[in-house]
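Trainee: task: produce atomic coordinates for the following.
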Amino acid sequence: MAFLSSDQRELYLPLMEGLLEDPPWQRFLGNLLQRTGARRAALALAPTGETAPLLTVRADAARAASDPPLDLSLLAALGLFPGKVMRRDRVYTLGEMLDFDAQPTLAAQRAALGAMRINHARAVRVGTPGGGEAWLLLTREREDLGAADSALLAALAPHLGAALAVRAALGRSELRAAMAESTLALLGTGEIALTASAQVLAADPEAERQLTFAADPGPLRRLQIMPETARALETACTALAGAAPEERRLLPVGERFLLLRPAPPGFEAIAVIGIVRRAPQAFGPHAAQVLADIHGLSLREAALAIGVAQGETILEAGTRLGLTPETARNYSKRLYAKTGTSGQAQLVALVLSGLAALA
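Mentor: Residues are numbered from 1 along each chain as shown. All right, here's what the predicted structure looks like:
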C-alpha cells in the first residue's frame with residue numbers, strides 16, 4: 001500500500017517528529033485513530049527479544065473517554081498483545097491472538113477484552129537490530145477493522161522500524177552525553193559549544209551553574225560578560241574556527257577563566273568548545289573506601305590521604321581523625337609504601353587523579 005499525500009503529512013511526519021515528544025508519538029497515534037476510525041490505539045516498546053514493555057503510549061477516541069483503562073500488562077499476561085508470539089511486520093487480527101486450544105485461557109482472555117470493550121483488533125510487531133521492539137495496536141468495540149486498516153499498519157511497519165532505530169541511536173547518544181556530563185561535573189568542569197561569532201549553541205548543566213548567559217536576537221544566547229571581553233571572545237572564536245585541533249585560547253570571564261579549543265570535526269554549526277572549571281567540591285562519601293580498596297589501605301589510612309589531598313597537613317588530617325602526631329606520621333609512611341609514592345606531593349596527585357575523586 002502506497003502512502004497518500006495526506007498519510008505522509010498526518011502519519012509519516014508525526015512518526016518522525018514524535019521522536020522528540022514526551023511521551024513519544026502521541027500525535028501520530030491520535031492521527032492514526034482518526035485515519036482508521038479505531039476506538040483506541042496503543043504503542044508498546046520493549047528491548048530487543050523481550051515482550052514486557054518498558055514504555056506504553058496510548059490514544060483514545062472521544063467516544064472511549066469513559067472506557068475502562070487499557071491494561072496491556074494484563075493482556076500480555078494472558079498471552080495477548082504484546083505477549084503473544086508475533087512475527088515481525090505481519091498484521092494480526094484479534095482472532096489470531098486468542099488461544100482457542102485452552103478453553104480456560106480463552107475464557108480469561110475474552111473476559112479481560114470484554115471488560116476493556118475490545119471486540120476487534122489489529123496488531124503488528126516491529127523490531128530492528130539495536131532499536132528494540134514495538135507493538136502497534138488498534139481496537140474497536142462494534143464493527144471490525146477492515147483490510148485497508150491492515151494494509152495501513154503493514155505499510156507503516158517499516159517506517160516505525162526506522163523511527164525505532166533513530167530513537168535508539170538518540171537514546172545512546174543522550175546516555176553517552178549524560179555519563180560524560182556527570183563525570184565532568186564531579187571534577188567541577190563544564191563545557192559550552194560556541195559558533196564562530198561566539199553565540200552559545202549548547203551548555204551542559206555544570207557550565208550553566210558557573211556562567212551567566214544573556215538572550216541574543218534569535219534562538220541562541222551569548223555569555224553575559226563585559227563588552228571588551230565579548231569582543232575578545234568573538235575574536236578568539238573566529239580565530240579558532242577551523243584551526244588545528246591543538247590550538248587553544250584562554251580568556252578571563254569575570255572571576256573565572258574560559259579555555260577555548262576548536263570543536264571536533266563533524267559538527268557544522270559548532271566552531272569552538274569552551275571549558276570552565278571550579279575547584280572540585282569535597283570528596284564523596286565513598287572516596288575513602290574506593291581508595292582503600294584500590295591500594296590495600298585501611299579506612300583510616302585512606303581518610304588521612306584524602307585529608308591531605310584536600311589541603312590539610314598530615315598532622316591536621318590526623319588530628320581531625322583522632323590520631324596522635326606520632327600515629328599520623330606512621331600512617332603517612334605506610335601510605336607512601338602502599339601507594340608507591342615518595343612524598344606528599346605524589347600522594348596528592350595520586351588521590352586527585354584516581355577514582356576516589358569521583359566516588
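
Trainee: could you use CA atoms for every contact and neighbour count after this?
Mentor: Will do.

Trainee: if I look at the nearest residue to Leu223 once chain neighbours are set aside, how far off is Ala44?
Mentor: Closest residue in space to Leu223, ignoring its immediate chain neighbours: Phe213 at 4.5 Å, by C-alpha to C-alpha, 6 or more residues apart in numbering. To Ala44, Phe213 is 40 Å away according to C-alpha to C-alpha, to the nearest Å.

Trainee: between the two, which one's more packed in?
Mentor: Ala44 (21 against 14; other C-alpha atoms under 10 Å).

Trainee: for that one, what are its contacts?
Mentor: Pro53, Leu54, Leu55, Thr56, Val57, Pro82, Ala134, Trp135, Leu136 (C-alpha atoms under 8 Å, 6 or more residues apart in numbering).

Trainee: you'd agree it is in a helix?
Mentor: No - under DSSP: H, G, I helix; E, B strand; the rest coil, Ala44 sits outside any helix and is assigned strand.

Trainee: SS state for the nearest residue to it once chain neighbours are set aside?
Mentor: Leaving aside its sequence neighbours, Ala44 sits nearest to Thr56 (C-alpha to C-alpha, 6+ apart; 4.4 Å). With three-state DSSP as the basis, Thr56 sits in strand.

Trainee: same check on Glu247?
Mentor: Three-state assignment for Glu247 (three-state DSSP): coil.

Trainee: which of the contacts of Ala44 count as buried?
Mentor: Pro53, Thr56, Val57, Pro82, Ala134, Trp135, Leu136 (16 or more other C-alpha atoms under 10 Å).

Trainee: circling back: need the pLDDT of the residue nearest to Leu223.
Mentor: Note on Phe213: pLDDT of 94.

Trainee: now do the helices in the stretch 151-300 of the chain.
Mentor: With DSSP state H, counting those that start in this stretch as the criterion, the stretch 151-300 of the chain has helices at 205-210, 227-240, 287-295, 299-309.

Trainee: helix or strand for the residue nearest to Leu98 when sequence neighbours are not counted, which one?
Mentor: Among residues not flanking Leu98 along the chain, Leu106 sits closest, at 6.4 Å (C-alpha to C-alpha, 6+ apart). According to DSSP states H and E, Leu106 maps onto helix 103-115.

Trainee: and that helix, what other elements does it pack with?
Mentor: Counting contacts by 3 or more C-alpha pairs under 8 Å, 6 or more residues apart in numbering; DSSP states H and E, helix 103-115 packs against helix 72-77.

Trainee: return the distance of the helix it packs on from the chain's centre.
Mentor: 27 Å (C-alpha atoms, centre = their mean, to the nearest Å).

Trainee: residues of that helix that come out buried?
Mentor: Leu72, Ser73, Leu74, Leu75, Ala76.

Trainee: ok, of these, which one's closest to Lys333?
Mentor: Nearest to Lys333 out of the buried residues of helix 72-77 is Ser73 (C-alpha to C-alpha; 61.2 Å).

Trainee: contacting residues for that closest one?
Mentor: Ser73 is in contact with Ala52, counting by C-alpha under 8 Å, 6+ apart.

Trainee: distance of it from Val126?
Mentor: From Ser73 to Val126 the distance is 19 Å (C-alpha to C-alpha).

Trainee: which parts of this structure are strands?
Mentor: In the chain, the strands defined using DSSP state E lie at 40-46, 55-60, 91-93, 120-128, 132-140, 189-194, 200-203, 213-215, 221-223, 249-253, 256-262, 272-277.

Trainee: let me have those in TSV, adding distance to Leu323 as columns.
Mentor: TSV is the format used below for those (distance: least, C-alpha to C-alpha, whole Å):
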stretch	distance to Leu323
strand 40-46	55
strand 55-60	54
strand 91-93	74
strand 120-128	61
strand 132-140	56
strand 189-194	35
strand 200-203	45
strand 213-215	48
strand 221-223	49
strand 249-253	43
strand 256-262	38
strand 272-277	34
